[in-house]
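# Quick one: sequence and predicted model below, then my questions.
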Amino acid sequence: MFPLKTTEKVNSWPVITWLLIALNVFVFTQQLTVEDPSAFIRQWGLVPANYPHLFSSSAHTDLMTLDHLLPFITCMFLHGGLWHLLGNMLSLFVFGPNVEDRFGHIGFFIVYMACGLAAGITQIAFSAGADIPTVGASGAIAGVMGAFFVMYPKARVVSVIPIIVIPLIVRVPAFFYLLFWIGMNVINALKEMQLSMNDTVSAGVAWWAHIGGFAIGMIYAALLAKKKPPPDKSN
């Protein structure tokens, strides 16, 4: 199920949403030019194994240098491939404008980055010792989706459901769409945890980052978002 747009009206230009999309695309083009993509991803992605003491009393030693601090930010703008990038940017394009409309431009940027940071911390917490770099904007975008879930529970998400070769376009209630989305992430996160307990190689998707970002986005929306403007009754 792929989202195309929401049914909610946007009252302001989504400047930050478009800037974030442009920045992600630009960074991806730069990734394509590096000589050693794997080394580049490892350097600037968030590797949980590099933060063994993040939740201990000695956590400050993990964050004393830029080499340890920067990946929390830079990992949000890296992607593992074209489809990874396109999928994330589609979700940001669909849900970002409405959320930015309610938070305001600066507020939306702060919330986006905060959700991305929360996503990274959550991934470290649930995959301690993992040596696979976490990259992608999906944790921050999950926060945007979580915020949308709280602010527009009665909205509809126009989505494409591929049935064999025939695409079916439907209006799915936002409540069900996002509940299904987060539910699938929880299920896959628990499956990955089981795989790690059995010493089986996982798919490497940062499911816990999605969950952490989504939860923080919901909290920010509940506490900080502006109220939805009343409907225009002049017509």
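It's in. All figures in this text were calculated on a predicted structure; none of them were measured in a lab.

# quick one: S159 is in a helix?
No - using DSSP: H, G, I helix; E, B strand; the rest coil, the assignment for S159 is strand, not a helix.

# Look at P153 and give its secondary structure.
coil.

# dump the residue contacts of the closest residue to F126 other than its chain neighbours.
What sits nearest to F126 in space, not counting adjacent residues and going by CB to CB, 6 or more residues apart in numbering, is W208, at 4.0 Å. Quick note: C-beta positions are derived from backbone N, CA and C, even for glycine. For W208, the contacting residues are 122-123, 125-127, 189, by CB atoms under 8 Å, 6 or more residues apart in numbering.

# between those residues, which is nearest A137?
Q123 (13.5 Å; CB to CB).

# Point to the helix or strand of this protein where mean pLDDT is at its lowest.
helix 66-69 (a mean of 82; mean pLDDT, DSSP states H and E).

# just checking, what packs against the helix or strand following that one?
Using DSSP states H and E, the helix or strand that follows helix 66-69 in sequence is helix 71-74. Counting contacts by 3 or more CB pairs under 8 Å, 6 or more residues apart in numbering; DSSP states H and E, helix 71-74 is packed against helix 105-126.

# So what's the model's average confidence on the helix it packs on?
Helix 105-126 shows a mean pLDDT of 95.

# Which helix runs longest in this protein?
helix 174-197 (DSSP state H).

# any idea how far L4 is from H105?
Using CB to CB, to the nearest Å, L4 is found at 24 Å from H105.

# what about these two, which has more around it?
The residue with more neighbours, out of L4 and H105, is H105; 16 against 13, by other CB atoms under 10 Å.

# What residues does the residue nearest to T17 when sequence neighbours are not counted make contact with?
Spatial nearest neighbour of T17, chain neighbours left out: G96 (3.5 Å); criterion: CB to CB, 6+ apart. Listed by CB under 8 Å, 6+ apart, the contact set of G96 reads 14, 16-17, 20, 108, 141, 144.

# Good, wrapping up.
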